[in-house]
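Enquirer: Sequence unavailable; structure follows:
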């Protein structure tokens with residue numbers, strides 16, 4: 001079993017890390033509620049809508065490894081502060097530019113800013129907290145608190161005040177991520193930060209990408225990359241066509257959709273706290289696979305549920321699966337990677353994350369145009385679960401991964 005070390009970390013540092021992760025990561029959930037409602041006013045096809053959703057993942061797909069390398073090289077806090085400012089500013093441009101092309105462009109910028117903030121928090125779990133599953137669980141709990149509060153507030157604001165009010169509240173919410181990043185240790189205690197930054201330091205380096213992809217030779221890191229893509233496929237469905245389905249088919253208001261998200265957050269928080277207890281009885285890697293399967297199934301059965309009560313139950317079960325799986329991914333990856341490449345390893349995982357985030361909405365958009373909205377959910381579920389079964393067979397035959405749990 002995984003041995004759960006719990007290094008002693010100052011409370012101020014813990015709260016700064018958890019706050020930075022919460023306000024950055026929850027922007028994805030908030031965006032996943034407000035952007036579908038916003039784009040639905042354009043009257044675009046499902047394929048174009050899928051492109052808007054997928055655009056959020058384009059820059060993180062290309063630049064996550066570079067961003068992680070910058071955190072290793074220049075200091076995590078410094079990088080997080082820059083993107084926290086961008087994260088707070090971008091939402092205000094959506095209602096100011098009510099066009100599909102603008103939504104695509106802004107989604108690209110917002111996706112990168114959110115991604116870098118969340119990557120920074122994960123990197124600090126490895127750099128400062130030694131990959132502790134306990135602290136990773138607390139970080140995940142903080143994320144669930146953000147998911148509990150943020151989406152209902154945005155949904156209610158949308159219902160009461162419309163687009164401008166909702167996007168303004170979204171900007172204010174993101175600004176708290178900046179203040180959390182300011183509270184991180186200065187100078188950055190996690191890394192040997194470069195004092196003077198040159199232009200060459202900021203440019204992507206081929207060597208960083210080569211080094212990152214070489215890390216896939218480590219079986220545990222390859223495993224996390226694969227599972228990350230499968231898990232994120234369910235997330236992409238939730239932050240895209242799930243909201244469209246709830247709005248168009250079930251006729252739910254923004255407030256009720258936010259309540260479903262909050263239910264997942266509440267149960268997910270309990271799931272995060274249960275990780276250390278569950279690891280007494282189950283291998284971390286197999287527990288991760290099982291909970292990722294659950295997180296995908298509980299979102300892809302949405303068209304079968306039929307009532308708000310069943311939607312609420314499915315959302316809660318999905319939240320539990322997400323809450324358990326997230327700290328496991330963070331902990332397994334940080335322990336498999338070296339101490340000097342924590343940012344790069346997180347960037348590699350985020351690249352896998354964003355690859356599925358870009359491909360799945362486009363694929364699902366085309367499927368929906370061809371076979372209908374409900375069948376698009378079923379098709380994604382079948383594909384992802386099948387790939388997870390294949391991954392499980394490989395895991396069972398790769399002892400250098402499973403032996404790490406002992």
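Expert: Received it, and whenever you're ready, just let me know what you need. Remember, it's a predicted structure, so these values are computed and weren't measured experimentally. Numbers count the residues shown, from 1 in each chain.
Enquirer: drop to CA atoms for contacts and neighbour counts, all remaining ones
Expert: Fine.
Enquirer: pLDDT below threshold where in the stretch 201-350 of the chain?
Expert: Where the stretch 201-350 of the chain drops to pLDDT under 70, the residues are 201, 240, 338-339.
Enquirer: any idea how far residue 292 lies from residue 360?
Expert: Distance of residue 292 to residue 360, computed by C-alpha to C-alpha, to the nearest Å: 16 Å.
Enquirer: for the chain, which helix is longest?
Expert: Determined from DSSP state H, the single longest helix within the chain is helix 133-182.
Enquirer: pLDDT of that helix, averaged?
Expert: Across helix 133-182, the average pLDDT comes to 87.
Enquirer: what packs against that helix?
Expert: When contacts are defined as 3 or more C-alpha pairs under 8 Å, 6 or more residues apart in numbering; DSSP states H and E, helix 133-182 packs onto helix 11-39, helix 76-89, helix 93-96, helix 254-273, helix 275-278, helix 308-336.
Enquirer: hmm, 10 Å instead?
Expert: The contact analysis (3 or more C-alpha pairs under 10 Å, 6 or more residues apart in numbering; DSSP states H and E) places helix 133-182 against helix 11-39, helix 76-89, helix 93-96, helix 100-127, helix 254-273, helix 275-278, helix 308-336.
Enquirer: what about the first one, distance to the chain center?
Expert: What separates the centre of helix 11-39 from the centre of its chain is 9 Å, taken as C-alpha atoms, centre = their mean, to the nearest Å.
Enquirer: mind listing what's buried in the helix or strand just after it?
Expert: For helix 11-39, the following helix or strand on the C-terminal side (DSSP states H and E) is helix 46-55. Residues 46, 47, 48, 49, 50, 51, 52, 53, 54, 55 are the ones in helix 46-55 that count as buried (16 or more other C-alpha atoms under 10 Å).
Enquirer: now do stretch 303-312
Expert: 303, 311, 312.
Enquirer: give me the element residue 285 is part of.
Expert: With DSSP H and E as the criterion, the answer for residue 285 is helix 284-300.
Enquirer: what's the angle between that helix and helix 308-336?
Expert: 150 degrees (axes from the mean of the first three to the mean of the last three C-alpha atoms, to 10 degrees).
Enquirer: Which elements pack onto helix 284-300?
Expert: Using 3+ C-alpha pairs under 10 Å, 6+ apart, helix 284-300 is in contact with helix 219-237, helix 275-278, helix 308-336, helix 373-396, helix 399-402.
Enquirer: One more pass at 7 Å, please.
Expert: For helix 284-300, the elements it packs on are helix 219-237, helix 308-336, helix 373-396, judged by 3 or more C-alpha pairs under 7 Å, 6 or more residues apart in numbering; DSSP states H and E.
Enquirer: Pick the one among the buried residues of helix 46-55 closest to residue 204.
Expert: Nearest to residue 204 among the buried residues of helix 46-55, counting by C-alpha to C-alpha, is residue 55 at 20.6 Å.
Enquirer: Report the contact partners of that closest one.
Expert: Neighbouring residues of residue 55 by C-alpha atoms under 7 Å, 6 or more residues apart in numbering: 104, 107, 108, 358.
Enquirer: so what's the last one closest to, chain neighbours aside?
Expert: Across the structure, with C-alpha to C-alpha, 6 or more residues apart in numbering as the measure, the residue nearest residue 358 apart from its sequence neighbours is residue 54 (4.2 Å).
Enquirer: next one: the third one
Expert: By the measure of C-alpha to C-alpha, 6+ apart, the closest residue to residue 108 outside its immediate chain neighbours is residue 56, 4.5 Å from it.
Enquirer: Over to the second one?
Expert: Nearest non-adjacent residue to residue 107, counting by C-alpha to C-alpha, 6+ apart: residue 56, 4.5 Å away.
Enquirer: Residue 69: what's it in contact with?
Expert: Applying C-alpha under 7 Å, 6+ apart, the residues near residue 69 are 208, 343, 344.
Enquirer: And the strand or helix carrying the second one, what's buried?
Expert: Element membership of residue 343 [criterion: DSSP H and E] is helix 342-371. Neighbour-count burial for helix 342-371, counted by 16+ other C-alpha under 10 Å, picks out 342-368.
Enquirer: Residue 226: neighbour count?
Expert: 17 (other C-alpha atoms under 10 Å).
Enquirer: From residue 267, how far out is residue 16?
Expert: On the measure of C-alpha to C-alpha, residue 16 and residue 267 end up 23 Å apart.
Enquirer: From the neighbour counts alone, determine which of those two ranks first.
Expert: A direct count of neighbours by other C-alpha under 10 Å for residue 16 and residue 267 places residue 267 higher, at 23 against 20.
Enquirer: re the thing from before, would you mind giving the contacts of residue 69 as JSON lines with distance to residue 42 added?
Expert: Shown next, in JSON lines, are these (distance: C-alpha to C-alpha, whole Å):
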{"residue": "208", "distance to residue 42": "40"}
{"residue": "343", "distance to residue 42": "38"}
{"residue": "344", "distance to residue 42": "38"}
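Enquirer: And the pLDDT for the residue nearest to residue 108?
Expert: pLDDT for residue 56: 87.
Enquirer: For it, grab the count of nearby residues.
Expert: Using other C-alpha under 10 Å as the criterion, the residues surrounding residue 56 number 28.
Enquirer: Same question for residue 281.
Expert: 10.
Enquirer: Same check on residue 210?
Expert: 11.
Enquirer: roughly how far apart are it and residue 202?
Expert: Distance from residue 210 to residue 202, by C-alpha to C-alpha: 17 Å.
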